[in-house]
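> I'll drop the sequence and a predicted model, then ask my questions.
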Amino acid sequence: MSITFNGVTVEAQRPDGTTRVLLADVTAELTEHRIAVVGPNGSGKSTLLKLINGLMTPTRGSVLVQGIDVASAPRRVRRTVGFIFTDPAAQLVMSTPVDDVGLSLRRTIKNRAERRERAAALLAERGLTHVLDQSIHDLSGGERQLVSLTSVLAVDPEIIVADEPTTLLDLRNRNLLRRTFASLPQQMIISTHDLELAATCERVLVVEDGRIVDDGMAATVLPRYRERMA
Ligand SMILES: Nc1ncnc2c1ncn2[C@@H]1O[C@H](COP(=O)(O)OP(=O)(O)OP(=O)(O)O)[C@@H](O)[C@H]1O
């Protein structure tokens, strides 16, 4: 598994025509199984993550996923990289869990009944049998995030990018999601303010003002980050 940032700069135009730098010349090779990205609000964490599956593109430099330039093959990369948003409502498009997971399976299973059966089995693996046909709106935040994860996993991604996935969850659901993430075989890049989640990762990147200002093992970087933010 490898994600490479080669001198990546992302700029955005302000309404007054001036340029704002969201990421400045970021170079990094991400090969670890679990990588957390931490940093203050507005530091550039989401921007960094969105570059990995082409939701944003670099103004300069390049991002490679398994050696493939995201800008030149965005559809292929999106099949490799699953993206989990902070608010699952942003990605749940169908009205029930079984239909939402079924939608993800549409490419691989053409038969409707078979698709439903497979979607139900995947939801059961996540302990969601009791909500198969419940309205998405009536699910708890934790259940919604797990349905969202099930839909992403249904297309069998090699890498999962999660943008503050536990921010909206209570402590019990945070713990549940942490345990679920820990059990997944995919490489994961997780931006988070949840330092307990960051502590479960092998490597932590600290982003500030669009730059990586610290990078290393969680046990080394997180105490320094807590001090920085104090
Ligand atoms: N498309 C855009 N155009 C202009 N500015 C943007 C755009 N996207 C993000 N920004 C700005 O870039 C900065 C970095 O945003 P980003 O979402 O990457 O931060 P973040 O570290 O994820 O923050 P948070 O922890 O609050 O989610 C923010 O100030 C944001 O307002």
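Done, it's in.
> Grab the nearest non-local neighbour of the spatially most central residue of the chain.
Most central in the chain under CA atoms, centre = their mean is residue 162, positioned 1.7 Å from the mean C-alpha point. Spatial nearest neighbour of residue 162, excluding adjacent residues (CB to CB, 6 or more residues apart in numbering): residue 84 at 4.0 Å. From N, CA and C alone the C-beta is placed, and that goes for glycine too.
> where does that neighbour fall, phi/psi-wise?
phi -110, psi 130 (degrees, to the nearest 10).
> Repeat that for the one 5 residues further on.
Residue 89 has phi and psi values of phi -60, psi -20 when expressed as degrees, to the nearest 10.
> Let the chain start at 115 from now.
All set: I'll call the first residue 115, so the last point we hit is now residue 203.
> List the contacts of residue 209.
Applying CB atoms under 8 Å, 6 or more residues apart in numbering, we find residue 209 in contact with 249, 250.
> Any idea how many residues pack against the residue nearest to residue 276?
Residue 198 has 24 neighbours, counted by other CB atoms under 10 Å.
> which residues of this structure score low on pLDDT?
Filtered on pLDDT under 70, the chain yields no residues whatsoever.
> mind listing the helices for the chain?
Remark: helices assigned in the chain by DSSP state H are 159-166, 188-194, 211-219, 226-239, 255-267, 285-297, 309-313, 332-343.
> Name the residues that touch the third one?
Put plainly, it is helix 211-219. 206-208, 229-230, 232-234, 236-237, 242, 245-248, 250, 253, 261, 264-266, 268-269.
> Excluding residues flanking it in the chain, which one is nearest residue 300?
Of all residues not flanking residue 300 in the chain, residue 274 sits nearest, at 4.8 Å (CB to CB, 6+ apart).
> Okay, and the beta partners of the one you found?
Following DSSP bridges, residue 274 is listed with bridge partners residue 196, residue 302.
> Could you check how far it is from residue 139?
Applying CB to CB, to the nearest Å, the value for residue 274 to residue 139 is 26 Å.
> quick one, which of those two is more surrounded?
Between residue 274 and residue 139, counting by other CB under 10 Å, residue 274 is the more crowded of the two (20 against 15).
> correct me, but that one touches residue 265?
No - checked against CB atoms under 8 Å, the pair residue 274 and residue 265 is beyond contact range at 11.9 Å.
> wait, what's in contact with residue 264?
By CB under 8 Å, 6+ apart, residue 264 lies in contact with 211, 215, 236, 237, 239, 240, 242.
> count of residues packed around the fifth one?
The one in question is residue 239. Residue 239 has 10 neighbours, counted by other CB under 10 Å.
> Around the ligand, which positions in the chain sit nearby?
126, 134, 136, 153, 155, 156, 157, 158, 159, 160, 161 (CB under 6 Å from any ligand atom).
> The first one contacts residue 158, correct?
No - Residue 126 lies out of contact with residue 158 (CB under 8 Å); the separation is 11.1 Å.
> Common neighbours of the two, please.
Contacts common to residue 126 and residue 158, judged by CB under 8 Å, 6+ apart, are residue 136.
> Please tell me I have it right and residue 323 contacts residue 159.
No - using CB under 8 Å, residue 323 makes no contact with residue 159, being 11.7 Å away.
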